[in-house]
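3D, please:
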Amino acid sequence: MNDPSEPASRALAVDDAWVRSSCALCYGSCSILAHRVDGVVTKIEGNPESVVAKGRLCGKGASGIMTHYDPNRLTVPLRRTNPRKGLDEDPRWKAISWEEALDEIAAWLRRIRAEDPRKLVMERTTTVTAARTPIRAFGAAFGTPNYSTAGGGLHCGNGAHLLSGMMHASWSVVPDFEYCNYAIYFGASKGHGAGHASCSNMGLAADARSRGMKMVVVDPMCNFAAAKANEWVPLRVGTDGALALAMCQVLVNELGIYDGPFLQAKTNAPYLIGPDKLYVRDATTQKPLVWDSSASAARPYTDASSADMALEGDYDVNGVRCQPAFQKLKHHLRKYTPEWGENITTVPAANIRRIAAEFAREARIGSTIVVDGVTLPYRPVAAIAFRGSQGHLNSLYNFIAIDLLNELVGASDVVGACLGFNPASLGFPETGRLRYVPKPGPDGLMVAGMWMGHHYPYPIREPRLPQNAGLQDLFVMGMTSPFLDSDDKEELWEKFELPYRPEMMINFGTNLLMSIANRESAARSLTGYKFIVSIDLFETESSRFADIVLPDCSYLQSMDSRSNFPFLFN
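This is a model prediction of the structure:
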């Protein structure tokens, strides 16, 4: 499907077929049908027989032919002849053979591996999911912990992924489109032009709106989602967490509406907190204690009925004054009044109270629903967030405040509520699909059954002196790291006694200079490498810093398997 130079007419076509494949222009990996006529792709459309997107395809996916047949595609390996690197430097490429290119790359790899494998940095795009496993596997086998997804990894969902993993055992969250009646989007666009499994979610979101799901979109800009919403709530950039806290204050202290049984059974709200702000633990088992109201005594959370766990009160346990976590939260929220929220966010206090009251009413606390003959809790509201609300200072805390809205009304991973993207898979042995389920971790909180990042979101690891150039060993909460490309990286490496310096980069498809705001910093970072290999379809701003550029094949030329990003999404 690579030579359009002699397209035959349809009437004379010898080869006329629809080929099943999957798109690779984002990590949704939607199923596609490619119409091939005499070796030339003439049309791409969605595959209605596939459960992935069910025939839907976005404009980008339909235009994949343009990428495939672009006359500017690289066709031969290139070697840099200009030793100077910079934003305005011409690489002065010289075409070379594959043998020459691979021999030079192999020589560098042999030297780096002999000296210290950690001097190699593997960098790849967030899309082209088929490359995820081989790129990471090569780095792991080579012996380097240094792995980056460039700009896409930095400004994506750093806080969102961590909190989604901790609270929902998943990489991301969405409303339960089939049953949700009231969804608040905080800087998110799931089902409206972006987001994971975008085409699948577009259909689900459209169906939800058609049946009457109300959408409230909180965003400084009237974006794709806001254009489809029932209500757009503009606010000051980066203040989503303040709005969510003010809404939580209305729920808990002004309206007194929250799902007590859910908080008792499914959260750490009853866990006793001591003066040191840590759990009060059983001396023998070290499990967190709760106050058992029926026994008027403290017990490990595993030994008490959830219905008897106190959510409020002051208690003395072995001489330690303590309170349930919910009591602490209730007191903490009092400072975040709607008037306080208005001053921070510019959203009128009256609107904050109204939206919070609507959210509480639509949650239908205590209700159930029968699905496939099974009676289940029913909370048809969801507050979701992503890039817009957490791409700022206090990223994680913004997301925590937003998800707290779901937890307070019991709208967390139940019918109609805020759902983790498939935190469980039953597996499928015939295709090798893995089986994974969340499991209880230390102190009873969920541990994700499957994860993509360099560490699971929970339990949190202990910090240690870093062995990776991104310093992830030290900043254990982060899903990704900016320190491979920051201007102060050398200062940090010296302070934390990093015993080596990166010298070689293999870059698969990233364009760091165009995917982050401070391109000058990125340029300075790229000039710091002694040898860069770039694998790409085109010459890009970043590949102009490379020493060797290898032409890649397009997704319409590859026979590899493109799993969904990650495969737990669909």
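
low-confidence ranges in the stretch 251-400 of the chain?
Nowhere does the stretch 251-400 of the chain drop to pLDDT under 70.

those helices in it, which residues are they?
For the stretch 251-400 of the chain, the helices defined by DSSP state H, counting those that start in this stretch occupy 260-266, 325-333, 338-345, 349-363, 387-390, 395-408.

of all these, which lies closest to residue 115?
helix 395-408 (36.8 Å; CB to CB). Every C-beta, even on glycine, is put in place using the N, C-alpha and C of the backbone.

Quick check: residue 545 vs residue 511, distance?
Applying CB to CB, to the nearest Å, the value for residue 545 to residue 511 is 11 Å.

With neighbour numbers in mind, choose between the two.
Set residue 545 next to residue 511 and count neighbours by other CB atoms under 10 Å: residue 545 wins out with 25 against 20.

who's in contact with that one?
Contacts for residue 545 were tallied using CB atoms under 8 Å, 6 or more residues apart in numbering; they are 85, 91, 523, 526, 527, 532.

Equivalent analysis for residue 291, please.
Contact analysis of residue 291 by CB under 8 Å, 6+ apart lists 270, 272, 297, 298, 309, 310, 313, 315, 324.

Next one: the first one relative to residue 280, how far apart?
Per CB to CB, residue 270 is found 12 Å from residue 280.

Check residue 67 too.
Residue 67 is 59 Å from residue 280, by CB to CB.

Repeat that for residue 376.
Computed as CB to CB, the residue 376 to residue 280 distance reads 33 Å.

Neighbour count: these two, which is higher?
Counted by other CB under 10 Å, residue 376 and residue 280 do not tie: residue 280 has more neighbours, with 22 against 13.

Show the contacting residues for the nearest residue to the more buried one once chain neighbours are set aside.
Among residues not flanking residue 280 along the chain, residue 272 sits closest, at 4.2 Å (CB to CB, 6 or more residues apart in numbering). Listed by CB under 8 Å, 6+ apart, the contact set of residue 272 reads 279-280, 288-291, 298, 315, 317, 322-325.

Near the closest residue to residue 157 other than its chain neighbours, how many other residues are there?
Distance criterion CB to CB, 6+ apart; nearest residue to residue 157, sequence neighbours excluded, is residue 386 at 5.8 Å. Applying other CB under 10 Å, we find 26 residues neighbouring residue 386.

now do residue 319
5.

Would you mind measuring from it to residue 254?
If you measure residue 319 against residue 254 using CB to CB, the figure is 36 Å.

cool, residue 501 as well?
For residue 501 relative to residue 254 (CB to CB), the value is 56 Å.

Next, the contact list for the residue nearest to residue 157, please.
157, 160, 172, 187, 188, 189, 190, 195.

how far away is the fourth one from residue 352?
Distance, residue 187 to residue 352, using CB to CB: 17 Å.

More neighbours: which of the two?
For residue 187 versus residue 352, neighbours defined as other CB under 10 Å are more numerous around residue 187 (28 against 25).

So what sits opposite residue 31 in the bridge?
Beta-bridge partners of residue 31, counted by DSSP bridges, are residue 22.

Quickly note the distance from it to residue 202.
Remark: distance between residue 31 and residue 202 (CB to CB) = 14 Å.

quick revisit: show me which of the contacts of residue 291 is closest to residue 250.
Among the contacts of residue 291, residue 324 lies closest to residue 250 (CB to CB), at 21.0 Å.

Would you mark the buried spots in stretch 534-549?
By neighbour count on 16 or more other CB atoms under 10 Å, the buried set for stretch 534-549 is 534-537, 539-549.

Now for these: which two are most distant?
Across those (CB to CB), the longest gap, 18.6 Å, separates 537 and 547.

the bottom helix or strand of the protein by mean pLDDT?
Every helix and strand in the chain was compared by mean pLDDT, DSSP states H and E; the lowest is helix 150-154, with a mean of 70.

C-alpha coordinates for the helix or strand that it is followed by, CSV please?
Using DSSP states H and E, the helix or strand that directly follows helix 150-154 along the chain is helix 158-168. Once non-C-alpha atoms are left out, helix 158-168 reads as follows in CSV (Å, rounded to 0.1, in the frame of the first residue of the first chain):
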residue,chain,number,x,y,z
ASN,A,158,0.4,13.7,35.6
GLY,A,159,-1.9,14.5,38.6
ALA,A,160,-5.0,12.9,37.0
HIS,A,161,-3.3,9.6,36.3
LEU,A,162,-1.9,9.3,39.8
LEU,A,163,-5.2,10.2,41.5
SER,A,164,-7.3,8.0,39.1
GLY,A,165,-5.0,5.1,40.0
MET,A,166,-5.2,5.7,43.7
MET,A,167,-9.0,6.2,43.9
HIS,A,168,-10.3,4.2,40.9
